[in-house]
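Novice: model the structure of this input:
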Amino acid sequence: MPNDSHSDRLSWGDSVFLNLEREGMPLNVASVCIFDGEISFRSFSRSVESKLPLLPRYLKRVIAPPFNIGLPSWEYDPTFDLRNHLNEVHLQKSSETELKNLAGRIFSKVMNRNHPLWDLTLVHGLEGDRTALIARLHHCLADGIAGVGIMNVLLDTSPKAPRLPKRKLSLDVPAPRDPLSALVGGVVDSYSDFVQRTLGGLADVVNMAERTSLGGALPPEELSKLLPEITAFTERLRFNILYRGPQRFAWSDIPLDDVKTIRRKFGASVNDVILALITATIRRYVEFHGDAVKKRLFRMMVPVNLRGNDGSSGWGNRISLVPVTIPLGIRNPKKLLVAVHRRTEFLKRVHAPELVSLAGGLIGIFPSALQAALGPLASRLPVTPFNMVCTNVPGPQYPLYLLGRQMLNWYPYVPVGGEMSLNCAVLSYDSKLYFGFSGDVHAAPDLRRLEKLLQLSFAELREAAEIGPGEKTPRKLKKINGKFHAAKATIRIPIVVPKPADPVQTGQRMSEENNNAAFAPLVS
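Specialist: Now for the predicted structure:
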């Protein structure tokens with residue numbers, strides 16, 4: 001058993017994700033990983049068990065405070081059983097379509113709160129002698145950055161299969177607190193959290209004022225052009241209907257080198273290119289269904305990482321939400337990318353992530369009991385603050401392995417809910433960008449059409465950048481395990497994981513060019 005605190009409190013932000021969830025509308029961070037070769041479920045189970053000491057929160061469940069006074073806490077599950085978290089499925093048709101359908105069904109289910117909020121499903125029988133892994137963890141447990149870090153702990157950097165322990169893991173679970181101690185501790189911790197958030201908010205205000213005074217402001221004429229679009233009311237698109245479920249999942253991928261070449265040629269960021277691609281894809285999708293796009297705006301909710309470069313924030317969520325509003329009718333890919341870049345630069349200069357985070361902190365002022373009561377109701381309100389979520393998480397730019405089998409693909413998932421019934425997650429891994437589209441079956445019954453529309457949009461943007469058939473962004477190579485891979489000189493955090501593991505330290509590995517973004521790395 002890891003030697004850490006008896007229990008710890010959820011932050012107010014983590015509690016929001018917990019309270020907004022309702023039956024049929026899970027709020028999980030997830031992904032579908034595809035590996036080369038067959039993986040034994042027995043060996044897989046032993047491998048996961050051997051990594052649990054590095055992930056102590058994987059042994060903890062969420063405990064609501066008595067009378068909902070104070071914040072929920074993480075406490076060890078006295079009946080922890082790994083079998084509650086590991087599943088095995090055999091595909092009948094061996095196709096990726098069947099795998100996508102399976103992932104959609106799994107992503108539609110709410111996890112049992114009587115146990116730690118994560119599970120892993122090993123999928124056999126995928127065509128091409130491949131094995132898939134569907135990984136889920138609740139959004140109150142981790143955001144995208146921490147989620148990538150957790151996967152880096154579960155997987156290996158060496159193609160050599162590790163030697164698995166022969167002895168079964170022994171868990172010495174502490175006894176739960178008595179109700180009175182839990183109540184007192186909850187009140188004290190909640191008051192301390194409230195004070196820290198208040199003081200932190202004041203410090204943020206001062207810091208933002210200093211940065212704004214030093215950084216200058218946008219010219220009035222540019223400000224006057226952008227503000228009306230940013231402050232305009234969000235217009236519903238055809239998929240902005242109240243979430244009913246169940247969900248479907250679709251995916252696609254593109255070369256990261258080409259995206260970096262486009263970024264370099266147009267003087268934008270990797271994130272700008274991604275947002276332009278999503279905007280063009282949604283325009284095509286809306287037009288396919290016969291809807292007009294002229295003079296319409298498309299507003300994305302872009303999660304932004306607020307962690308420092310040292311990655312010291314650990315588990316949980318450390319994000320802000322930024323509205324990026326783009327005219328939907330821009331067809332010229334160059335003009336579209338310029339429009340996206342201008343808007344993200346504007347948001348950066350006015351410190352939009354910090355402002356939104358500061359405003360969002362007001363939610364934590366409301367009592368926990370009120371948040372718990374109103375959260376499920378809020379997800380049913382007919383309100384569309386954004387058209388969709390678009391999150392981009394930087395992953396490792398070198399191969400990862402599970403029991404010696406290389407991970408070939410890594411498709412990310414972001415939850416849907418409220419009237420944002422179609423969302424997109426993006427993850428970079430081993431020289432590719434992976435796109436995962438999640439959607440309500442009623443809001444986007446033809447969700448997989450987005451896969452082809454994304455490729456059309458990417459081909460159009462690639463052509464606009466005049467990228468030749470063999471042209472690639474120059475990359476330094478380094479020999480790792482006898483093979484040449486992209487150099488890891490720009491990776492800030494070493495792969496060696498401390499005990500217990502800090503998921504952020506292993507999740508904040510990104511290339512130097514991924515850091516060259518309008519915002520900090522985006523997360524779900």
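Novice: surely His341 touches Ser269?
Specialist: Yes - shown here, His341 and Ser269 form a contact pair, counting by Cβ atoms under 8 Å, at 7.3 Å. For every residue, glycine as well, the C-beta is placed using N, CA and C.
Novice: ramachandran angles for Phe239?
Specialist: Backbone torsions of Phe239, given as degrees, to the nearest 10, read phi -90, psi 0.
Novice: then Arg236?
Specialist: phi -70, psi 140.
Novice: separation between it and Asp258?
Specialist: The gap separating Arg236 from Asp258 is 33 Å, by Cβ to Cβ, to the nearest Å.
Novice: who does the nearest residue to Arg343 once chain neighbours are set aside bridge with?
Specialist: Among residues not flanking Arg343 along the chain, Val324 sits closest, at 5.8 Å (Cβ to Cβ, 6 or more residues apart in numbering). Assessed by DSSP bridges, Val324 has beta-bridge partners Met300.
Novice: what count of nearby residues applies to Val324?
Specialist: For Val324, the neighbour count with other Cβ atoms under 10 Å is 25.
Novice: was I right about it contacting Val340?
Specialist: Yes - the criterion here is Cβ under 8 Å, and Val324 meets it with Val340 at 7.4 Å.
Novice: which residues do the two both contact?
Specialist: Residues within reach of Val324 and of Val340 at once, by Cβ atoms under 8 Å, 6 or more residues apart in numbering, are Leu275.
Novice: and stretch 126-133, what's its mean pLDDT?
Specialist: Regarding stretch 126-133, the rounded mean pLDDT is 97.
Novice: list of residues touching it?
Specialist: Residues contacting stretch 126-133 (Cβ under 8 Å, 6+ apart): 32-39, 91, 94-96, 99, 120-124, 402, 405, 408.
Novice: if you set the cut-off to 7 Å instead, what comes out?
Specialist: For stretch 126-133, contacts defined as Cβ atoms under 7 Å, 6 or more residues apart in numbering pick out 32-39, 91, 94-95, 99, 120, 122-124, 405.
Novice: only the buried subset of those residues, as a ChimeraX command please.
Specialist: Here is the ChimeraX command that selects the buried residues among the contacts of stretch 126-133 (16 or more other Cβ atoms under 10 Å):
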select :32,33,34,35,36,39,91,99,120,122,123,124,405
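Novice: if you look at the contacts of stretch 126-133, which of them are in strands?
Specialist: Residues of the contacts of stretch 126-133 located in strands (DSSP state E): Val32, Cys33, Ile34, Phe35, Asp36, Leu120, Leu122, Val123, His124, Arg405.
Novice: export those as TSV, with columns for distance to Pro396.
Specialist: Below are the ones in strands among the contacts of stretch 126-133 laid out as TSV (distance: Cβ to Cβ, whole Å):
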residue	distance to Pro396
Val32	17
Cys33	13
Ile34	16
Phe35	15
Asp36	17
Leu120	19
Leu122	21
Val123	22
His124	26
Arg405	16
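Novice: out of the residues you listed, who's nearest Lys295?
Specialist: Among these, Val32 lies closest to Lys295 (Cβ to Cβ), at 37.7 Å.
Novice: ok, that closest one touching Ile134?
Specialist: Yes - look at Val32 against Ile134 with Cβ atoms under 7 Å: they come within range, at 5.4 Å.
Novice: give me the common contacts of those two.
Specialist: Counting by Cβ under 7 Å, 6+ apart, the residues touching both Val32 and Ile134 are Ala103.
Novice: related to what we said a few turns ago, so which of Arg236 and Asp258 has more stuff around it?
Specialist: Asp258 (19 against 12).
Novice: confidence score at that one?
Specialist: 97.
Novice: quick one: which two of the ones in strands among the contacts of stretch 126-133 are the most distant?
Specialist: Longest distance between any two of the ones in strands among the contacts of stretch 126-133 is 18.3 Å, between Asp36 and Leu120; criterion Cβ to Cβ.
Novice: all the helices of this protein, in order from the start?
Specialist: 12-20, 41-51, 96-107, 144-154, 179-215, 220-231, 256-266, 270-288, 333-349, 352-360, 368-378, 449-464, 503-507, 512-515 (DSSP state H).
Novice: can you flag the weakest of these by average pLDDT?
Specialist: Out of the helices of the chain, helix 512-515 stands lowest, with a mean of 40 (criterion: mean pLDDT).
Novice: state the distance from Val62 to Leu117.
Specialist: Distance from Val62 to Leu117, by Cβ to Cβ: 7 Å.
Novice: same question for Arg462.
Specialist: When distance is defined by Cβ to Cβ, Arg462 is 40 Å away from Leu117.
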